[in-house]
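> Sequence first, then the predicted structure:
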Amino acid sequence: MFTLHLHFNGPVSDKNQRKQTGKQALKSADGFCPDDGGIAYPNYQRDRENLGYSDKLLLSVFERALNALLGSQRDAGYWCFELEADCTIPAEYILMMHYMDELDEGLERKLAAYLRAHQLDGGWPLYYGGGAEISCSVKSYYALKLAGDQPDLPHMVRAREAILRLGGASRANVFTRIALAMFGQLPWRAVPFLPVEIVLLPRWFPFHLFKVSYWSRTVMVPLFILYTFKARARNPKKISIRELFDRDPWEQSDYFPTRSALNRVLLVLDRLGLKLYPFMPRWFRRRAIKKAEAWILERLNGAGGLGAIFPAMVNAYEALELLGYPVNHPLRVQERQAIENLLVVSEQSAYCQPCVSPVWDTAWACIALQEIGDERSRAAAKKAFAWLAEKQLLEGPQDWNFNRGAAKSGGWPFQFTNSHYPDLDDTAAVAYAMHKSGDRCFENSVRLAAEWICGMQSSDGGFASFDADNNHTYLNEIPFADHGALLDPATEDVSARCLMLLAQLADAPGFESVERKCLEYLFRWQQPDGSWYGRWGTNYIYGTWSVLMALEEEGVSAEHESVRRGAAWLKRVQRADGGWGEGCDTYFDPSRRGQAERSTSFHTAWAVLGLMSAGEVHSGSVRGGIDFLLQTQQPNGFWSDPDFNAPGFPRVFYLKYHGYDKYFPLLALARYRNLTAGES
C-alpha cells in the first residue's frame, strides 16, 4: 500500500500545470467528424445581447439561492434533504404494520393518502410520469385495502383493472411475491429457494454473500430467516387480495419465466434444492440460523438500522421477532426506531424514505459554497467539514475488507450512520471538497480517503460504489435476481468522482498507475454518440457531466477528442427552452438518452457544468442553460422539479433527491459567474 502526500496550499488554480500521465496520448477508439471545428450546433442558440437577463438579474437569483441554501443548513453543520422513492416503500410500511400487528391508524391514514395521491393510469409507476408497474401496483393496492379502502371504490377498481391487465399479482417480482407468501396470498413455492444454510457456503462456492452487493446481502440474510421459518403475517383484519389473481395461485406453476439458458439451469437447481431441503440435518440448520443471527447483530448499525436502508431494516426487524427477541428488547426497539426515522410526515399525508442522504447532500452543498467563495459560504462549509470529519469510518470491521484486505479504512457512508458500508462516491466528493478548502485541519482525513479509494480500484480500472470487483455477472441469472441488481460493478459516474479527487492530489508511489487506469476506463466506456452512462443519476446527462468534470480536474485538454465528443452530445440534446431534461425511461430504452417531456433545473445544471468543464463557457448552449435557470427560480430561492433524478436500481427502483434542484443550479450559476467575471 502506498502513501499519498498531500499539499494543502489552497485550491489548484492552473490545471495546465498538473502532472500529465499520458493524458494527451489516450484517445478514444471511436472516430469523430464534428461540425464547425468540433462544436456541434445546439438546438438552442441566441446572441448574448438577446438572452433576456442582466448582471442584476443574475446577482438577484444568485443571492436568493445562496440565502435559501444557507438557511437550510442544520445546526450541527450538515444538510439533509428528503429522499423520495416510488410508492413501494410507503406501501411496505403499511404491510409491515399489519405483518407485526403494530397498527398506528393515524400514520396509516396519512400513508394511504400519499398512495392515493400518487396513483396514475390506474396503477402506480416507478417514477413521476411513468406507466403503471405491476409490483408497485400490487403492493400499493394491498396496502390501501389493509388501510380500509373497499375494493369497489373507483380508484381501487381502476387499480385492479390495471394489475390484471399487466398479468395479475402472480407476475409481480420476487420481492413482492415473498411479501404475498408471508401474507398467505400465494404458496411459498412461488418464491425462490432461500434457505438460511446459504450463509454457510464457502468462499470458493459459485454463490457467496460477499460476491453480491452490500444492499443485496443486508436484505438477503434476514430474508433467509424469514424464508426458513416460513414467516406468516398476523394480518389482524384477515385482508386478502385474491381478486388480483387471474387464476388460483395454488394451482399455478409458471412463477419463474425463463430469462436465459443459464437462468433455466439455475432454476432447475433451485427447484431441486427445494425438493431435497426436507432432508437437511436439523443440526446444520440450527448452526446456519446462529450464524445468520450473529451476522445481523454485528451489522445492526445502532440508530442507523441494518444497512441503513429500509428493506434491510424491515427484514431485520421481522427476523428478530422470529428469532425470539421480545417486543421490548433493546435491539428490536432500536431497529423499529431506525425505520420510523425514515418517515416524512405532513399534516395531510406521509411517506417513508428508502434511506437518508446527509453526507451526499452536505458534500455537494459545500462544493457549491466553495464555488461562491464569500465569507458566509466559507464559514458554512467549514462548519460542515467539521461535522463530516467526525463521520469518517476509520475503525471497526467493514465488509469491503473481504475482497480488499490490504486497503486502509478511510471512507464515508451515505447516511448518518452505516458503520460497515462506506461508499466511494460519497468519500470522493467529501474529500474533494475538503481538499479544495485548503484547510490543513483536514489533511489527514483526505489522505486516508484517497488511500482507501486507491485500494478499492477494480481490476478493470474503474470504481464501484461499495466494493471492488463485485462483478460476478452470472449471479444476476439466479431466480432471486429477477431485478438484475444483485451486483455492484464499477461505473462511469463513480469512477469519474474518484478521478476528480485523485487529480487534485500530489504524486505518490503507485498513484499514477491508479489514475491512468481509471482514465483509460472512462475513455473506454464513452458511448458512440459521445455521452457516458449514469448509474447513480438520471442518466446520460448525469454521467457525461460527471466524466467531463473529472477530465477537467485531471488536466485533459478541452480539445481532446473525448471531451469534444461529450460536449457535442450535450449540445445536441439541449431543448428548445434552453434547458435539458432526461427521463428514467432511458434505462429501458437507451435510444432516448438525453430526451424528456420537459427540462429540469438539475439536468440543466449538470449539462451547463459539463459544458463549462469542456471549455464551452461562452457558447450559446451554456448561455441558454443559464437563462433557463434564471427564469425558473421559485420565490423561495430554490428550484422545483417533480421529476425523479436517480435510479436506486436501473429499471427497478428510482429516487428523487430533493436536494438536486437546490444545490446543483446554484453551483452552475456560481461557476458561470466566476468564469465570466469582469467580461460584461
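Yep, it's here.

> C-alpha from now on. contacts and neighbour counts both.
Fine.

> and Leu164, what does it touch?
Going by Cα atoms under 8 Å, 6 or more residues apart in numbering, Leu164 touches Leu244, Phe245, Asp246.

> Show the buried residues in those.
With burial judged by 16 or more other Cα atoms under 10 Å, the buried subset of the contacts of Leu164 is Leu244, Phe245.

> out of the contacts of Leu164, who's nearest His658?
Leu244 (33.9 Å; Cα to Cα).

> Unless I'm misreading it, that closest one sits right up against Ala162, doesn't it?
No. Using Cα atoms under 8 Å, Leu244 makes no contact with Ala162, being 9.7 Å away.

> Okay, now the unreliable bits of the stretch 51-200 of the chain?
Along the stretch 51-200 of the chain, the model assigns pLDDT under 70 to residues 51-54.

> Of the contacts of Leu164, which belong to helices?
Among the contacts of Leu164, no member falls in helices (DSSP state H).

> Phi, psi for Tyr657 please.
For Tyr657, the backbone dihedrals are phi -80, psi 110 (criterion: degrees, to the nearest 10).

> what sits against it?
Taking Cα under 8 Å, 6+ apart as the definition, contacts of Tyr657 comprise Phe81, Glu82, Leu83, Glu84, Phe644, Asn645, Ala646.

> Tell me the most packed of these, by neighbour count.
Highest neighbour count within the contacts of Tyr657, by other Cα atoms under 10 Å: Asn645, with 27 neighbours.

> Let me see the contact set for that one.
Contacts of Asn645 by Cα under 8 Å, 6+ apart are Gly537, Thr538, Cys584, Tyr654, Leu655, Lys656, Tyr657, Tyr660.

> which among these end up buried?
Counted by 16+ other Cα under 10 Å, these give Gly537, Thr538, Cys584, Tyr654, Leu655, Lys656, Tyr657, Tyr660 as buried.

> Widest-spaced pair of the residues you listed?
Farthest pair in the buried ones among the contacts of Asn645, by Cα to Cα: Cys584 and Tyr660, 15.5 Å.

> which intervals of this protein have sub-threshold pLDDT?
In the chain (pLDDT under 70), the answer is 1-54, 506-510, 678-680.

> Do you have the strands of it handy? List them.
For the chain, the strands defined by DSSP state E occupy 83-85, 343-345, 350-352, 646-649, 653-657.

> need those in CSV with distance to Phe207, can you?
Listed next are the strands of the chain as CSV, based on distance: least, Cα to Cα, whole Å:
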stretch, distance to Phe207
strand 83-85, 30
strand 343-345, 35
strand 350-352, 32
strand 646-649, 21
strand 653-657, 24
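
> what about these, which gets the closest to Arg673?
Ranking these by proximity to Arg673 (Cα to Cα) places strand 653-657 first, at 25.4 Å.

> Just checking: what are the partner strands of that closest one?
When pairs are called by DSSP bridges, strand 653-657 turns out to pair with strand 83-85 (antiparallel), strand 646-649 (antiparallel).

> For these, give me CSV that also has distance to Gly273.
Below are these laid out as CSV (distance: least, Cα to Cα, whole Å):
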stretch, distance to Gly273
strand 83-85, 35
strand 646-649, 28
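
> do you know which of those strands lies nearest Phe229?
Where the strands paired with strand 653-657 are weighed against each other on Cα to Cα, the nearest is strand 646-649, at 28.5 Å.

> List the contacts of that closest one.
Contacts of strand 646-649 (Cα under 8 Å, 6+ apart): Ala485, Arg535, Trp536, Gly537, Thr538, Asn539, Cys584, Phe653, Tyr654, Leu655, Lys656, Tyr657.

> before we move on, what about stretch 671-680?
By Cα under 8 Å, 6+ apart, stretch 671-680 touches Glu371, Ile372, Leu609, Met612, Val617.

> Looking at those, spot the one nearest Met434.
Closest to Met434, out of all of the contacts of stretch 671-680 and judged by Cα to Cα, is Glu371, at 12.9 Å.

> Correct me if wrong: that closest one contacts Leu667.
Yes. The criterion here is Cα under 8 Å, and Glu371 meets it with Leu667 at 6.8 Å.

> More neighbours: which of these two?
Leu667 (26 against 20).

> contacting residues around the closest residue to the more buried one other than its chain neighbours?
Using Cα to Cα, 6 or more residues apart in numbering and skipping the chain neighbours, the partner closest in space to Leu667 is Ala368 (4.4 Å). Counting by Cα under 8 Å, 6+ apart, Ala368 touches Tyr663, Phe664, Leu666, Leu667, Ala670.

> let's go with 7 Å and repeat that
Ala368 makes contact with Tyr663, Leu666, Leu667, according to Cα atoms under 7 Å, 6 or more residues apart in numbering.

> quick one, helices of the stretch 151-300 of the chain?
Under the criterion DSSP state H, counting those that start in this stretch, helices of the stretch 151-300 of the chain are mapped to 154-165, 174-182, 214-228, 261-276, 282-298.

> possible to save these as CSV with distance to Glu451?
Listed next are those as CSV, based on distance: least, Cα to Cα, whole Å:
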stretch, distance to Glu451
helix 154-165, 50
helix 174-182, 38
helix 214-228, 21
helix 261-276, 39
helix 282-298, 26
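
> Out of these, the one nearest Gly106 is which?
helix 154-165 (20.9 Å).

> tell me which residues in that closest one are buried?
Neighbour-count burial for helix 154-165 [16+ other Cα under 10 Å]: His155, Met156, Arg158, Ala159, Arg160, Glu161, Ala162, Ile163, Leu164.

> and it, how far from the chain's centre?
30 Å (Cα atoms, centre = their mean, to the nearest Å).

> With just CA atoms, put that helix into CSV.
These are the backbone C-alpha positions of helix 154-165, laid out as CSV (Å, rounded to 0.1, in the frame of the first residue of the first chain):
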residue,chain,number,x,y,z
PRO,A,154,-63.4,3.8,-8.1
HIS,A,155,-59.6,4.1,-7.5
MET,A,156,-59.4,0.5,-6.3
VAL,A,157,-61.4,-0.7,-9.4
ARG,A,158,-59.0,1.2,-11.7
ALA,A,159,-56.0,-0.3,-9.9
ARG,A,160,-57.3,-3.8,-10.0
GLU,A,161,-58.1,-3.5,-13.7
ALA,A,162,-54.5,-2.2,-14.4
ILE,A,163,-53.0,-5.1,-12.4
LEU,A,164,-55.0,-7.7,-14.2
ARG,A,165,-54.2,-6.1,-17.5
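
> Please identify which of the contacts of Tyr657 is nearest to Ala406.
Closest to Ala406, out of all of the contacts of Tyr657 and judged by Cα to Cα, is Ala646, at 32.5 Å.

> May I have the phi/psi pair for Glu347?
Here is the backbone geometry of Glu347 (degrees, to the nearest 10): phi -70, psi -40.

> I'd like the distance between it and Lys110.
8 Å (Cα to Cα, to the nearest Å).

> more crowded one of those two?
Neighbour totals were compared for Glu347 and Lys110, and Lys110 leads with 19 against 6 (other Cα under 10 Å).

> Once you drop chain neighbours, what's closest to the more buried one?
Closest residue in space to Lys110, ignoring its immediate chain neighbours: Ser349 at 3.9 Å, by Cα to Cα, 6+ apart.

> any idea how far that neighbour is from Tyr93?
To Tyr93, Ser349 is 14 Å away according to Cα to Cα.

> neighbour-wise, which of these two wins?
Higher neighbour count among Ser349 and Tyr93: Tyr93, with 23 against 19, using other Cα under 10 Å.

> how close does Trp188 get to Tyr255?
Taken as Cα to Cα, the span from Trp188 to Tyr255 is 11 Å.

> I'd assumed Asp423 was in contact with Val494.
No. Applying Cα atoms under 7 Å as the test, Val494 and Asp423 come out as separate, 9.6 Å apart.

> joint contacts of those two?
Residues touching both Val494 and Asp423 (Cα under 7 Å, 6+ apart): Ser465.

> Between those two, which has more neighbouring residues?
For Val494 versus Asp423, neighbours defined as other Cα under 10 Å are more numerous around Val494 (26 against 20).

> For the more buried one, give me its contacts.
With contact set as Cα under 7 Å, 6+ apart, Val494 has these partners: Asp425, Phe463, Ala464, Ser465.
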